[in-house]
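> sequence first, predicted coordinates after that:
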Amino acid sequence: MIEMNFEEFSMFIVVGSVFLLLLLLMMHGWKAKSFRNKRYYQVVQCPVCGEVFDDRSSVKFPECKGCGRKTVRGYDGSLG
């Protein structure tokens, strides 16, 4: 049997709880970042009519729902 006093046992509980909490926070941050990146490529904005729509297909250049033009995935930051 492992012998330890109350102070060592309480430190073990506190350090273990903090470690578990940090691990859960890191996992949540990773999943949230993955979700944001996935949603970034699902939101499509047409540069001609300006319509923003949701496209969950894997097509590289989806067609705009309003005008039918091929669009770019994500928000296009170009000036032209």
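Cool, the structure landed. The structure displayed is predicted, hence computed values, not measured ones.
> list the buried ones in the lowest-mean-pLDDT helix or strand in the chain?
The element with the least model confidence among the helices and strands of the chain, by mean pLDDT, DSSP states H and E, is strand 43-45, at a mean of 84. Going by neighbour count (16 or more other C-beta atoms under 10 Å), the buried part of strand 43-45 is 44, 45. (Each C-beta comes from the backbone N, C-alpha and C, glycine too.)
> which elements pack onto that strand?
Counting contacts by 3 or more C-beta pairs under 8 Å, 6 or more residues apart in numbering; DSSP states H and E, strand 43-45 is packed against strand 52-54.
> can we see that at 6 Å?
Applying 3 or more C-beta pairs under 6 Å, 6 or more residues apart in numbering; DSSP states H and E, we find strand 43-45 packed against no helix or strand.
> now what about it, what contacts it?
Surrounding strand 43-45, the residues in contact under the criterion C-beta atoms under 6 Å, 6 or more residues apart in numbering are 52, 53, 55, 62, 71, 73, 75.
> the helices in this protein, which residues?
Under the criterion DSSP state H, helices of the chain are mapped to 6-42.
> just send the contacts of strand 43-45 back as CSV, with pLDDT and neighbour count too.
Compiled in CSV, those are given as follows (pLDDT from 0 to 100; neighbours: other C-beta atoms under 10 Å):
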residue, pLDDT, neighbour count
52, 87, 10
53, 87, 14
55, 87, 16
62, 90, 18
71, 85, 22
73, 76, 16
75, 60, 10
